[in-house]
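*Asks:* I would like to see how this sequence folds:
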Amino acid sequence: MAEPGVETRMRSSVITARAAATFEPVGRSVATARAFVRDTLQGWGYSDVVDDAVVLTSELVTNAVIHAGTAADVLCLRTEHGVRVEVADRYPEREVPLQGVAQPVAAPDRENGRGLLLCAALATRWGVEYSPTRKRVWFQLDLPERPVGTRHAGPALPPDLLPVADERVRVAVLQIDRAGAITSWNDDAEHLFGYAADQVVRKQLGDFAAWPHTPGTGTGLAEALQLSRWEGSYGIRGTDGRVIPVYASHLRVRDTNGEPSTVCLLVRDYERAVLQTPARSQGGDSTGEGRAVDPFEVFIGSPAPDDLDGLLQRTVERARDMLDGDAAFLLLATDDETELEVRASTGLPSARQRFARVPVDAGTSRYASARMPAVHEDLLAVPGSVPLLNGTGMRSVVTVPLKVEGRLTGSLGVAAEGPDRYSNEEALRLQFAADRIALAVESARLGELERLRRGSLSFLVEASDLLAGTLDRDQTLALMAQMTVPTLATWCAVYTIADQSSDPYLSYVLHEDEERIDGLKALLSAIAPPDPVPTPGARIWNAPAEAAQQEALRASRQELDHASPLSSGIGTTLATASAVGGETVVLPLVARNRVIGMLTLGKPSDDHFRQEILELAEDLSRRAALALDNARLYSERMAISQSLQRSLLPPGLPQIAGVEVDVIYRAAGEGNEVGGDFYDLFPIRDKAYGFAIGDVCGTGPEAAAVTGLARHALRLLAREGFGGPAVLERLNAAILDEGARSRFLTLLYGEMWPQEDGSALLKVVCAGHPLPLRLRQDGTVEPAADPQPLLGVMEDLELFEQTVTLDPGDVLLCVTDGVTERREGSRMLGDDGLAEVLRTCTGLTAGAVAARVLRAVERFAAEPASDDMAILTMRVPEPHPE
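*Replies:* As a prediction, this is how the structure comes out:
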């Protein structure tokens with residue numbers, strides 16, 4: 001039965017020739033079938049369709065002998081219109097994709113399932129025929145239609161678009177014998193170069209030729225003269241010693257006696273159009289509308305893939321088929337042209353090779369540089385000369401550079417399992433193909449690079465925002481790892497260095513599979529950390545992979561010794577080894593000219609990083625290093641600030657017999673433990689205690705400095721025996737002595753003596769401070785002092801103290817203006833609002849009174865408090881009944 005929607009019969013044509021062959025189900029048969037079709041079609045003179053026929057035959061024979069596992073019968077039929085090729089196998093039950101039915105798209109690096117898709121893309125017509133024992137796939141390729149007798153034709157052009165030449169075009173005709181000596185020299189040659197025939201005949205052409213060092217082929221003049229055809233540019237030295245650039249076409253011929261020689265046609269280089277062979281294209285050199293067909297499409301096929309990976313994969317497949325190779329590979333150069341990165345391959349373990357990097361110049365030999373073509377006849381003779389092919393079984397290889405405007409952009413290679421498969425002629429063919437595709441590949445690469453850079457810019461902007469949003473060191477470490485996994489790497493580890501004398505410390509580990517984190521952390525903790533090298537850029541670190549492999553090998557041996565099934569322990573070990581078995585790189589975290597850590601990124605087994613990913617990781621590491629160092633500096637300064645601020649707070653509240661005391665303190669500003677508001681409660685002498693609550697103008701460190709001065713001065717002066725007014729007057733003088741650094745200060749200072757009858761006697765001075773409030777047992781609230789001038793403004797103060805007696809059950813509430821000036825829009829809590837809150841506190845302990853006042857202040861407004869607050873409560877408890 002026939003495939004629906006696909007033709008199964010050739011159009012009516014007379015078969016003028018046929019060729020058939022059968023190929024056994026072995027891998028080598030694919031290359032043999034390609035050679036059979038190429039030789040057959042070239043022998044028929046159908047070179048216009050050879051490349052497409054070879055590609056399609058290669059795919060169909062591969063399906064038969066490799067995937068179906070049967071012999072393949074190949075039949076070539078020649079007609080006056082073109083050629084039909086049939087490939088039959090003995091496995092008719094295999095499924096064929098139906099037209100019009102959605103099919104999953106094959107991955108670009110798959111080696112099967114593409115035969116019919118290629119037939120649909122390249123063939124003029126194609127079809128599938130079934131019988132009980134065979135399945136036959138055929139395709140028809142029509143020859144381009146040309147006028148009778150025309151091999152090549154170009155469109156008619158206006159005179160101003162025609163090539164430039166001298167009035168009389170002179171074509172030098174030389175004949176060179178097998179030894180390289182000139183045997184014939186025509187008049188045009190004498191006119192062009194100045195030598196008479198008797199001056200050059202029997203002399204070597206090399207004596208007159210200025211032969212360039214042609215990149216990538218190693219082809220010298222002697223080798224070029226041995227080729228069946230050669231075309232290109234070089235120079236001839238004239239009689240005056242100057243080099244005359246010429247364009248030449250060489251043809252190797254033999255005379256009637258079988259003696260070979262080379263006929264060389266030479267014109268001035270600017271007249272090369274006279275000899276230059278137009279690029280052959282699939283359907284003629286021009287379309288019916290006169291549009292020239294792009295030579296790139298001749299090699300790649302039309303339509304060309306619109307993505308870089310697809311284009312590169314098509315390129316290696318065509319290159320392999322063109323040279324009957326077993327494998328092919330294409331590498332792209334990094335921006336600095338120092339390394340090449342594997343981007344596409346066929347016939348090689350692509351998972352292992354993809355994104356692997358090799359140096360452009362691996363040695364002093366010209367064959368060790370990717371800048372020039374090279375032919376390796378037998379890789380076993382020079383082990384390691386092509387590292388990419390180590391362990392692949394390939395014996396011979398030809399490589400050529402891809403160049404755009406003289407700049408190396410990549411390298412294309414074809415390899416074979418047998419030795420001595422390639423020569424300079426194959427190198428020239430491959431170089432010609434590479435020149436066709438180099439510009440298209442570079443254009444696609446730049447397009448992909450532009451898309452990657454746009455994505456990278458967006459990634460870095462988002463990363464910068466996240467890193468700038470925190471000053472917490474641990475959160476910064478977590479963000480660094482979470483931004484890299486899985487976007488840039490499979491796993492990540494961050495090492496930090498506290499100071500120049502410290503060793504790197506493993507601070508954070510993350511893997512895209514959470515179950516692998518513990519094993520990865522254990523592995524990294526067991527090996528020495530990477531060296532903190534400040535050199536920018538990523539460097540390879542092999543220690544994790546080597547340690548994991550050794551551990552996996554040791555665990556496997558132990559398991560085998562016990563002859564038991566795999567345990568969970570060895571399973572974890574093997575999983576860890578696989579997780580870190582790929583490429584691992586280390587990027588230094590450098591901030592303020594100091595290495596503060598290392599960012600380590602890793603891939604699983606056999607995976608490599610793309611160069612663009614490493615560049616993005618380097619950009620991220622610079623931003624992350626600065627964020628991490630900022631977090632470190634902030635943490636250090638916070639620790640210092642908190643230590644100093646804690647020294648300004650009282651070490652603790654003394655236990656006073658017969659009096660309950662509680663304090664609540666809240667400093668405004670992030671990270672401030674003390675500010676402009678302060679409190680203190682301290683013993684002065686036996687059964688006498690001093691207390692104070694004050695507010696320095698402003699908040700923050702400047703206010704805290706005056707706070708320290710006030711609190712320590714109060715203790716010192718009170719213990720020297722000065723009364724309340726004298727203590728505050730001397731403190732006022734000390735504040736004024738600070739000059740420009742001084743701040744005015746409101747202060748409530750008092751001294752307390754618990755009495756034997758259960759009451760407490762207080763003497764207080766209120767210097768510009770909110771008045772203390774007294775809560776009696778009956779719920780009455782009243783001020784316990786009168787207002788007096790504040791400190792730090794006037795030099796001569798006359799202050800007085802007032803006596804207050806707290807009876808059992810009474811409460812004295814002292815607050816700073818951060819409590820009374822609590823605002824919500826135009827509303828303010830004020831003294832009256834505070835008094836209302838205090839009236840509800842009858843019967844509460846000192847601690848409960850302070851807590852209720854704080855809760856009322858916080859609930860008064862939705863916004864956080866913008867000023868420091870201190871609440872000091874003292875209560876004389878009621879006597880317990882007997």
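*Asks:* The stretch 251-400 of the chain: helices as residue ranges?
*Replies:* 295-300, 308-322, 350-353 (DSSP state H, counting those that start in this stretch).
*Asks:* outside of stretch 195-208, which residues touch it?
*Replies:* 174, 176, 179-185, 189-190, 193, 221-222, 225, 236-237, 239, 264 (C-beta atoms under 8 Å, 6 or more residues apart in numbering). C-beta here means a position set from N, CA and C on the backbone, and glycine is covered the same way.
*Asks:* before we move on, what about stretch 230-243?
*Replies:* Against stretch 230-243 from outside (C-beta under 8 Å, 6+ apart): 192-195, 208-212, 214, 221, 224, 244-250, 266, 269, 272, 275-277, 428.
*Asks:* which ones among those residues are found in helices?
*Replies:* 192-193, 221, 224, 428 (DSSP state H).
*Asks:* Can you mark which positions in stretch 497-517 are buried?
*Replies:* Buried residues in stretch 497-517, counted by 16 or more other C-beta atoms under 10 Å: 497, 504, 506-511, 516.
*Asks:* Nearest to Y130 among these?
*Replies:* Checking the buried residues of stretch 497-517 against Y130 by C-beta to C-beta gives R516 as the nearest, at 50.0 Å.
*Asks:* What distance do you get for that closest one to L523?
*Replies:* 10 Å (C-beta to C-beta, to the nearest Å).
*Asks:* ok, now L589?
*Replies:* Taking C-beta to C-beta, one finds L589 at 21 Å from L523.
*Asks:* what residues are up against G768?
*Replies:* Counting by C-beta under 8 Å, 6+ apart, G768 has contacts 744-747, 787-791.
*Asks:* quick revisit: out of the buried residues of stretch 497-517, which one has the lowest pLDDT?
*Replies:* On pLDDT alone, R516 ranks lowest of the buried residues of stretch 497-517, at 82.
*Asks:* ok but that one is inside a strand, no?
*Replies:* No: using DSSP: H, G, I helix; E, B strand; the rest coil, the secondary structure at R516 is helix, not a strand.
*Asks:* still on that earlier bit, now, which of the contacts of stretch 230-243 lie within strands?
*Replies:* 209-210, 244-250, 266 (DSSP state E).
*Asks:* Now which of those residues would you call buried?
*Replies:* 209, 244, 246-250, 266.
*Asks:* quick one: the strands in the stretch 1-150 of the chain?
*Replies:* 15-23, 72-79, 82-89, 125-130, 135-142 (DSSP state E, counting those that start in this stretch).
*Asks:* got JSON lines for those, with mean neighbour count too?
*Replies:* Formatted as JSON lines, the strands of the stretch 1-150 of the chain follow (neighbours: other C-beta atoms under 10 Å):
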{"stretch": "strand 15-23", "mean neighbour count": "13"}
{"stretch": "strand 72-79", "mean neighbour count": "20"}
{"stretch": "strand 82-89", "mean neighbour count": "22"}
{"stretch": "strand 125-130", "mean neighbour count": "19"}
{"stretch": "strand 135-142", "mean neighbour count": "22"}
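*Asks:* I'd like those as TSV, with mean pLDDT appended.
*Replies:* Below are the strands of the stretch 1-150 of the chain laid out as TSV (pLDDT from 0 to 100):
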stretch	mean pLDDT
strand 15-23	85
strand 72-79	90
strand 82-89	91
strand 125-130	88
strand 135-142	90
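*Asks:* could you dump the ones you listed to JSON lines with distance to R875?
*Replies:* Output for the strands of the stretch 1-150 of the chain, formatted as JSON lines (distance: least, C-beta to C-beta, whole Å):
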{"stretch": "strand 15-23", "distance to R875": "106"}
{"stretch": "strand 72-79", "distance to R875": "104"}
{"stretch": "strand 82-89", "distance to R875": "102"}
{"stretch": "strand 125-130", "distance to R875": "101"}
{"stretch": "strand 135-142", "distance to R875": "101"}
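*Asks:* Next, give phi and psi for A181.
*Replies:* phi -90, psi 150 (degrees, to the nearest 10).
*Asks:* got a list of what it touches?
*Replies:* 202-205.
*Asks:* For Y46, grab the count of nearby residues.
*Replies:* Y46 is flanked by 17 other residues according to other C-beta atoms under 10 Å.
*Asks:* doesn't P401 make contact with M372?
*Replies:* Yes: the criterion here is C-beta atoms under 8 Å, and M372 meets it with P401 at 6.7 Å.
*Asks:* picking up where we left off before, of L589 and L523, which one has the most company?
*Replies:* L589 (25 against 22).
*Asks:* Could you check how far I182 is from V201?
*Replies:* Taken as C-beta to C-beta, the span from I182 to V201 is 6 Å.
*Asks:* Comparing the two, which residue is more hemmed in?
*Replies:* Neighbour comparison, I182 and V201: the larger count goes to I182, with 22 against 15 (by other C-beta under 10 Å).
*Asks:* And what about the more buried one, helix, strand or coil?
*Replies:* Of the three states, I182 takes strand under three-state DSSP.
*Asks:* So it sits against Q175, correct?
*Replies:* Yes: if you go by C-beta under 8 Å, I182 and Q175 touch, sitting 7.3 Å apart.
*Asks:* contacting residues for the closest residue to A624 other than its chain neighbours?
*Replies:* Of all residues beyond its chain neighbours, the one nearest A624 is M480 (4.6 Å), with distances taken as C-beta to C-beta, 6 or more residues apart in numbering. Going by C-beta under 8 Å, 6+ apart, M480 touches 467, 492, 494, 508, 599, 620, 624, 627-628.
*Asks:* Now name the helix or strand holding M480.
*Replies:* helix 473-484 (DSSP states H and E).
*Asks:* cool, and R622?
*Replies:* helix 611-648.
*Asks:* What ranges does the stretch 301-450 of the chain have for its strands?
*Replies:* Using DSSP E, counting those that start in this stretch, strands in the stretch 301-450 of the chain cover 327-333, 339-346, 357-359, 374-376, 396-404, 407-416.
*Asks:* Rebuild those as JSON lines, extending it with mean neighbour count, distance to T40 and mean pLDDT.
*Replies:* As requested, the strands of the stretch 301-450 of the chain are arranged in JSON lines below (neighbours: other C-beta atoms under 10 Å; distance: least, C-beta to C-beta, whole Å; pLDDT from 0 to 100):
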{"stretch": "strand 327-333", "mean neighbour count": "25", "distance to T40": "23", "mean pLDDT": "89"}
{"stretch": "strand 339-346", "mean neighbour count": "23", "distance to T40": "24", "mean pLDDT": "85"}
{"stretch": "strand 357-359", "mean neighbour count": "15", "distance to T40": "38", "mean pLDDT": "78"}
{"stretch": "strand 374-376", "mean neighbour count": "23", "distance to T40": "27", "mean pLDDT": "88"}
{"stretch": "strand 396-404", "mean neighbour count": "25", "distance to T40": "24", "mean pLDDT": "90"}
{"stretch": "strand 407-416", "mean neighbour count": "24", "distance to T40": "21", "mean pLDDT": "90"}
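*Asks:* Can you show me the helices along the stretch 451-600 of the chain?
*Replies:* Using DSSP H, counting those that start in this stretch, helices in the stretch 451-600 of the chain cover 473-484, 517-526, 543-562, 568-579.
*Asks:* before we move on, back to that, now which of the contacts of G768 would you call buried?
*Replies:* 744-747, 788, 790-791.
*Asks:* Among the residues you listed, which one lies nearest to A703?
*Replies:* Among those, and counting by C-beta to C-beta, the member closest to A703 is L745, at 9.5 Å.
*Asks:* Assign L736 to helix, strand or coil.
*Replies:* Reduced to three states by three-state DSSP, L736 is helix.
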